[in-house]
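# any chance you can model this:
(chains A and B)
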Amino acid sequence: MSTYVIRRLIFSLFVLWGALTIVFLAVRAIPGDPALMMLGTDATAQEVQALREKLGLDRPLIVQYAGYVIQALALDLGDSLRLQQPVVGAVAERLPTTGRLALAAMLLAVVVSFPLGIAAALRPGSIIDSIVSVVSLLGQSIPAFWVGIMFILIFARQLRLLPSGGDETWAHLILPAVTVALPLVGVLTRLVRSGLLDVLYEDYIRTARAKGLPAGAVMRRHALRNMLIPVITVIGLQLGHLLGGAVITETVFAWPGVGLLLVDAITNRDYPLIQAAILFITAIFIAINFLVDLSYGALDPRIRVQ
Amino acid sequence: MTGRLSPAEAPVAAEGLAAVAAGAALVETARDGRAADRSRLRRRRLVSRLIVGVLPLALFVSIALLGPLLVPYDAVTVRTGERLRPPPTVLRDGTTAPLGTDQVGRDLLAQVLQGARISLAVGLTTVAVAGTIGLVVGVLAAFYGGWFDTVAMRLADIQLAFPSILLAILIAAVLGPSVTNVIITLSLTRWVTFARVARAAALSTKEREFVQAARALGADDARLLLRHIVPLAIPPLVVVATVEVGLVIIAEASLSFLGLGTPSDQPSWGATIANGRAYLNTAWWISTMPGLALSMVVLSVGRFGDQIRDVLDPRSLSRG
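Take a look at the predicted model:
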């Protein structure tokens, strides 16, 4: 087990380093003078020069890179150009808001997709199965940001039932959470259905039925338990995506999470903030992938010995 | 095999779960196709369904190609006297705006048609570019192995560590808005899936007997690659491509929605949807119409992809 953990850990750290490097290179690849881009065309030459020195852009690339890696390790990525505060703090402040949306959406998706997937798997080819497959195809195909806008149009503007933006009350959570959950329902329902179909024809299920176990117990104790591993993996990976900020959905609903912070930073050309937001999101994503890998090893002993 | 992903496959799963879905299709195929003639019948049914599935896509492509011939004015002509007309409106000059107009009087149907062109161009070009890069990198990595394989696959791992829309946002923000830059951005973010699938296919082909036989007969590397290995890597890539076209079209719309995609003189669906957000109270149609078009196209691409997967061997996606 421990070599497996160490191997996955080394892999995660390697990937994190790679992500750091890509972000470094991308921000330096901005055409023209980044300092000038950040300040806009009405900045004086002295201001531009001052910012160049502050950001270290006047030093050789390799020196900049070394300084950047050391800074990143110390979780100090400099100050935001607009917010007058360290970028790391600015991103950390927004994390709980993004987390709230991610967890609500995931909970909703799980609660909806398990019954749907089970119902479809029990009667393959039935009307329920067809409805479920259409619903999950719709959930995966229709772009979430447009669904969000349509929700605002219908439930906030026309019916005036729910607020359209912000995060002040629980009611504010409903529309964004449903929007984020819809594609997840599509993915998870398909996965539960196919996983169950796979398992239901196994010999041990027939044995369990043959020895007179009630259908509910066969489902709970034998079928569901054995199809859970891939489902849990996908839930974990998707949660990583969501915690990374449902960038577009947050923009649509003015949900003040990390994703909206990133989009605002891009609009303002606030490069230190862009850099920090992307690094944070990626680090969370990598960390969750690592945890998923571990849970995988814990759930399925065969993987550990590979 | 449906459910069981190895850790190495897990990032691919996050990318779209196509392989998992394909596995499910495979299980069903295997289950009810006992007799050979039954499976032949099933295959014929699949092919005829495939032809039906192509129809909406053919409609989309012809609309995108012929669109400008169908409406009398372009997507950017401003007519301040005809602001926010609901669909359908007969305008003062006698022409009809079937989908209404936006806040500066631009015809919405013209914008939707223009958006179809951009979606089609970006979708197909990106998949072609990313697919070619992926094919070349994947096949060479599998064939030669060694440091190239290691570097390419580790780069792929690193890239998959970014949520893909995030990497696209980063690159697009650096490059600035233009159609070419959107294609570059999305090609850079999507080649990985193609490379992994091509590599997996090439790895298994490389060991097959006919390749060994060709080598024994004195075929050089170029011949082995072009005549024997690449042709067998194509079918799984076609399956991936159908999934990717839909993802790329959504990604383009998302970037344009954020203002990072197409420039303002080339309205795309995402940009028009974003534009309509400020007018939801007075002009619901601005955001609604391009979104409907977008959803229908992505939906039919998705259905088409499912059908192609059923016709071609679904196992090819997850091999290796």
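# can you pull out the low-pLDDT segments for the chain?
No chain was given, so I picked chain A. For chain A, the stretches flagged by pLDDT under 70 are A:1, A:31-34, A:244-245, A:300-306.
# wrong one, chain B
Low-confidence segments of chain B (pLDDT under 70): B:1-39, B:72-73, B:313-320.
# quick one: contacts for residue 109?
Since no chain was named, I'll use chain A. Shown in contact with residue A:109 (CB atoms under 8 Å, 6 or more residues apart in numbering or on different chains): A:181, A:184, A:185, A:188. The way it works is simple: take the backbone N, C-alpha and C, and place the C-beta from them, glycine included.
# correction: the question concerned chain B.
So residue B:109 contacts B:71, B:97, B:98, B:99, B:289 (CB under 8 Å, 6+ apart).
# at 10 Å what do you get?
Residues near residue B:109 by CB atoms under 10 Å, 6 or more residues apart in numbering or on different chains: B:67, B:70-71, B:73, B:75, B:87-88, B:96-101, B:289.
# give the helix, strand or coil label for the residue nearest to it when sequence neighbours are not counted.
Of all residues beyond its chain neighbours, the one nearest residue B:109 is residue B:99 (4.3 Å), with distances taken as CB to CB, 6 or more residues apart in numbering or on different chains. Put simply, residue B:99 is coil when judged by DSSP: H, G, I helix; E, B strand; the rest coil.
# from residue B:82, how far out is residue B:99?
Distance, residue B:99 to residue B:82, using CB to CB, to the nearest Å: 13 Å.
# now residue A:145
Per CB to CB, residue A:145 is found 28 Å from residue B:82.
# out of these two, which sits in the busier spot?
Ranked by neighbour count (other CB atoms under 10 Å in any protein chain shown), residue A:145 and residue B:82 place residue A:145 first, with 28 against 20.
# in terms of helices and strands, where is that one?
helix A:144-151 (DSSP states H and E).
# output that helix as CSV, nothing but the C-alphas.
Output of helix A:144-151 as CSV, limited to C-alpha atoms (Å, rounded to 0.1, in the frame of the first residue of the first chain):
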residue,chain,number,x,y,z
ALA,A,144,-24.7,24.8,-18.7
PHE,A,145,-24.2,28.5,-19.1
TRP,A,146,-27.1,28.8,-21.5
VAL,A,147,-29.3,26.7,-19.2
GLY,A,148,-28.3,29.1,-16.4
ILE,A,149,-29.4,32.1,-18.4
MET,A,150,-32.7,30.4,-19.3
PHE,A,151,-33.3,29.6,-15.6
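# mind listing what's buried in that helix?
Within helix A:144-151, the residues scored as buried using 16 or more other CB atoms under 10 Å in any protein chain shown are A:144, A:145, A:146, A:147, A:148, A:149, A:150, A:151.
# ok, then the element right after it?
Following helix A:144-151 in sequence, per DSSP H and E, is helix A:171-200.
# hmm, that following helix touching chain B?
Yes. For helix A:171-200 and chain B, the contact criterion (CB under 10 Å from any CB of the partner chain) is met by A:186, A:187, A:188, A:190, A:191, A:193, A:194, A:195, A:196, A:197, A:198, A:199.
# quick check: the residue of the stretch 201-320 of chain B nearest chain A.
The minimum distance from the stretch 201-320 of chain B to chain A, using CB to the nearest CB, falls at residue B:291 (3.7 Å).
# does that residue really touch residue A:149, like I thought?
Yes. Residue B:291 is within contact range of residue A:149, at 7.0 Å (criterion: CB atoms under 10 Å).
# shared neighbours, these two?
A:143, B:273, B:276.
# what is the neighbour count of residue B:193?
Other residues close to residue B:193 by other CB under 10 Å number 29.
# flag every buried residue along the helix or strand containing it.
Residue B:193 is part of helix B:179-206, with elements assigned from DSSP H and E. Neighbour-count burial for helix B:179-206 flags B:179, B:181-203, B:205-206 (criterion: 16+ other CB under 10 Å).
# angle of whichever helix or strand comes after that helix against helix B:179-206?
As assigned by DSSP H and E, the chain's next helix or strand after helix B:179-206 is helix B:209-216. For helix B:209-216 against helix B:179-206, the angle by axes from the mean of the first three to the mean of the last three CA atoms, to 10 degrees is 90 degrees.
# what does helix B:209-216 rub up against?
Applying CB under 10 Å, 6+ apart, the external contacts of helix B:209-216 come out as B:143, B:202, B:205-206, B:219-221, B:223-225, B:227-229, B:232.
# inside helices: which ones of those residues?
Among the contacts of helix B:209-216, DSSP state H puts B:143, B:202, B:205, B:206, B:221, B:223, B:232 in helices.
# could you find the closest non-adjacent residue to the fifth one?
Spatial nearest neighbour of residue B:221, chain neighbours left out: residue B:143 (7.3 Å); criterion: CB to CB, 6+ apart.
# can you show me the helices along the stretch 1-150 of chain A?
Along the stretch 1-150 of chain A, counting by DSSP state H, counting those that start in this stretch, helices occupy A:2-28, A:34-39, A:45-55, A:61-73, A:87-122, A:127-141, A:144-151.
# closest to residue B:159 out of those helices?
helix A:2-28 (7.8 Å; CB to CB).
# show me what contacts residue A:212?
If a contact means CB under 10 Å, 6+ apart, then residue A:212 has no contacts.
# name the helix or strand for it, please.
Using DSSP H and E, residue A:212 falls outside every helix and strand.
# any idea how far it lies from residue A:218?
Per CB to CB, residue A:212 is found 10 Å from residue A:218.
# can you tell me which helix or strand the residue in the stretch 51-200 of chain B that chain A sits nearest to belongs to?
Here the stretch 51-200 of chain B gets closest to chain A at one residue, residue B:158, 3.2 Å apart by CB to the nearest CB. According to DSSP H and E, residue B:158 maps onto helix B:146-160.
# which outside residues touch that helix?
A:11, A:14-22, A:282, A:285-286, A:289, B:8, B:10-12, B:14-15, B:134, B:137-138, B:140-143, B:167, B:188-193, B:195-196, B:199, B:203.
# just after it, pick out the following helix or strand.
Toward the C-terminus, helix B:146-160 is succeeded by helix B:164-175 as the next helix or strand (DSSP H and E).
# mind putting the contacts of residue A:109 into JSON lines with neighbour count?
Listed next are those as JSON lines, based on neighbours: other CB atoms under 10 Å in any protein chain shown:
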{"residue": "A:181", "neighbour count": "25"}
{"residue": "A:184", "neighbour count": "25"}
{"residue": "A:185", "neighbour count": "25"}
{"residue": "A:188", "neighbour count": "26"}
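# quick one on the thing from earlier: from memory the residue nearest to residue B:109 sits against residue B:89, does it?
Yes. Counting by CB under 10 Å, residue B:99 does reach residue B:89; the two are 9.4 Å apart.
# more neighbours: these two, which one.
When neighbours are counted by other CB under 10 Å, residue B:99 and residue B:89 differ, and residue B:99 comes out ahead with 26 against 16.
# now do the contacts for the more buried one.
Counting by CB under 10 Å, 6+ apart, residue B:99 touches B:71, B:85-89, B:107-113, B:285-286, B:288-290, B:292-293.
# any of those residues buried? List them.
Applying 16+ other CB under 10 Å to the contacts of residue B:99 flags B:71, B:85, B:87, B:89, B:107-113, B:285-286, B:288-290, B:292-293 as buried.
# residues contacting residue B:195?
Neighbouring residues of residue B:195 by CB under 10 Å, 6+ apart: B:130-131, B:133-142, B:152-153, B:155-156, B:159, B:237.
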